[in-house]
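Chemist: Okay, sequence plus prediction incoming.
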Amino acid sequence: MAATLTTEKATSMKTMFTDFKQLTKVGLSLSVVFTSVTGYLLAVDTVNYFTLVLLGIGGFFMVGASNAYNQIIEKDTDAIMKRTQNRPLPTGRMSVNTALFIAILFTVLGLAILYSINPKTALFGAISIFLYTSVYTPLKPVTPLAVFVGAIPGAIPFMLGWVAATNQFGIEAGFLFMIQFFWQFPHFWAIGWLQDEEYKKVGFNMLPMNTKDKGAVKQIIFYTIIMILVSIAPVLKVSGAFYIHPITAVIVALLGIYMLYFGIKLHKSEENTDARKLMLSSILFITLVPIIYVVDKFLH
């Protein structure tokens, strides 16, 4: 009997932990932290590990809070879509009050930690949570322009690291913001393409002009090209203290062209398999490019 109770307790603890991970999207939050950390490393000459840890924890709380608010707002639509049906709120494994408590706690902790680095970092953190929760999420059923709004909080992490390091929002942070901003479009529209039927079920407008056609892919290709140009522009020394070597620009361009290749393939085929490859190549790009920038910086 006691053994059964212990097993049940362990199972329920495990479920609670899994639900907490799902609510705050731990994987996504960690990838955002990773991007913030690379932004910080690009800006400093000597690394302050204490600041770096604060940035990581504060950034994690900030993104976790945004994800929790998002799932509270979309509880009913999440219940309809296959991809989100098993989340803790639609299944009733977690109450809205519990989720709200976690979201508010994460907001307060995240912003307090970022504020301890410097006020500008906290300000951008607050803007990110506000736009994601109060503008992007409610706009999804209203207009495809929701993706543009969502790209703003989505592009803040890379730049946030620079601001944390320098307490400045200048041309360098602006470039880091733009790279991640333009990257969001091919990435999210590839997901929108794959999930189009599911999104349509709940009335989300996630593709340009809300249609799954060659016109949507033309936009994907257009924004991919802009993303490539912005990500190699630092080689021209137009981005202040943020500069990359020609060989680095070539490597970054090739990663972008790899994405562009799948965009062009998708334009020809309009097949989900190519949309999936585009999405995966976009994840490869946003993972490797920040690392390449940091390596470039520490090699010269």
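Modeler: Cool, the structure landed.

Chemist: make it CA atoms for all contacts and neighbour counts henceforth
Modeler: Fine.

Chemist: Verify the stated contact: Asp78 with Thr84.
Modeler: Yes. Contact criterion C-alpha atoms under 8 Å: Asp78 and Thr84 qualify, at 5.0 Å.

Chemist: Of all the residues in stretch 185-202, which ones are buried?
Modeler: Going by neighbour count (16 or more other C-alpha atoms under 10 Å), the buried part of stretch 185-202 is 185-196, 198-199, 202.

Chemist: could you pull out the helices for the stretch 201-300 of the chain?
Modeler: Secondary structure of the stretch 201-300 of the chain (DSSP state H, counting those that start in this stretch): helices located at 214-232, 246-269, 272-299.

Chemist: Name the residues of the first one that come out as buried.
Modeler: Applying a neighbour-count criterion of 16+ other C-alpha under 10 Å, the buried positions in helix 214-232 are 216-221, 223-225, 227-232.

Chemist: ok, residues contacting that helix?
Modeler: Helix 214-232 is contacted from outside by 175, 178-180, 182-183, 185-186, 189, 207-209, 244, 249-250, 252-253, 256-257, 259-260, 263-264, 266-267, 270, using C-alpha atoms under 8 Å, 6 or more residues apart in numbering.

Chemist: Please indicate which of those residues are buried?
Modeler: Buried, going by 16+ other C-alpha under 10 Å: 175, 178-180, 182-183, 185-186, 189, 207-208, 244, 249, 252-253, 256-257, 259-260, 263-264, 266-267, 270, out of the contacts of helix 214-232.

Chemist: burial measure for Asp76, as a count.
Modeler: 14 (other C-alpha atoms under 10 Å).

Chemist: Check the one 4 residues further on too.
Modeler: Counted with other C-alpha under 10 Å, residues neighbouring Ile80 total 15.

Chemist: Just the element for Phe20, please.
Modeler: Assigned by DSSP states H and E, Phe20 falls within helix 2-24.

Chemist: on contacts alone, who are the packing partners of that helix?
Modeler: The helices and strands touching helix 2-24, judged by 3 or more C-alpha pairs under 8 Å, 6 or more residues apart in numbering; DSSP states H and E, are helix 49-73, helix 88-91.

Chemist: In TSV: these, plus mean neighbour count and distance to Val108.
Modeler: TSV is the format used below for the helices and strands packed on helix 2-24 (neighbours: other C-alpha atoms under 10 Å; distance: least, C-alpha to C-alpha, whole Å):
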stretch	mean neighbour count	distance to Val108
helix 49-73	23	9
helix 88-91	21	22
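
Chemist: quick one on the thing from earlier: show me which positions of the helix holding Phe20 end up buried.
Modeler: 19-20, 22-24.

Chemist: Of all the residues in the following helix or strand past it, which ones are buried?
Modeler: Downstream of helix 2-24, the next assigned helix or strand under DSSP H and E is helix 26-43. Within helix 26-43, the residues that qualify as buried are 26, 29-30, 32-43, counting by 16+ other C-alpha under 10 Å.

Chemist: again with stretch 233-247
Modeler: 233-235, 239, 242-245.

Chemist: Which two of these have the greatest separation?
Modeler: Ser239 and His245 (12.8 Å; C-alpha to C-alpha).

Chemist: Can you find the helix or strand of the protein with the lowest average pLDDT?
Modeler: Lowest on mean pLDDT, DSSP states H and E among the helices and strands of the chain sits helix 2-24, with a mean of 82.

Chemist: Using PDB, write out every CA atom in that one.
Modeler: Extracted C-alpha coordinates of helix 2-24, given in PDB (Å, rounded to 0.1, in the frame of the first residue of the first chain):
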ATOM      1  CA  ALA A   2       2.800   2.400   1.100                       C
ATOM      2  CA  ALA A   3       4.800   1.500  -2.000                       C
ATOM      3  CA  THR A   4       1.700   2.200  -4.300                       C
ATOM      4  CA  LEU A   5       1.300   5.600  -2.600                       C
ATOM      5  CA  THR A   6       5.000   6.400  -3.100                       C
ATOM      6  CA  THR A   7       4.800   5.400  -6.700                       C
ATOM      7  CA  GLU A   8       1.600   7.500  -7.200                       C
ATOM      8  CA  LYS A   9       3.300  10.500  -5.600                       C
ATOM      9  CA  ALA A  10       6.400  10.100  -7.800                       C
ATOM     10  CA  THR A  11       4.200   9.800 -10.900                       C
ATOM     11  CA  SER A  12       2.200  12.900  -9.900                       C
ATOM     12  CA  MET A  13       5.400  14.800  -9.200                       C
ATOM     13  CA  LYS A  14       6.700  13.800 -12.600                       C
ATOM     14  CA  THR A  15       3.500  14.900 -14.300                       C
ATOM     15  CA  MET A  16       3.600  18.200 -12.500                       C
ATOM     16  CA  PHE A  17       7.200  18.800 -13.600                       C
ATOM     17  CA  THR A  18       6.400  17.800 -17.200                       C
ATOM     18  CA  ASP A  19       3.300  20.100 -17.200                       C
ATOM     19  CA  PHE A  20       5.500  23.000 -15.800                       C
ATOM     20  CA  LYS A  21       8.000  22.300 -18.600                       C
ATOM     21  CA  GLN A  22       5.200  22.400 -21.200                       C
ATOM     22  CA  LEU A  23       3.600  25.600 -19.800                       C
ATOM     23  CA  THR A  24       6.800  27.500 -19.900                       C
END
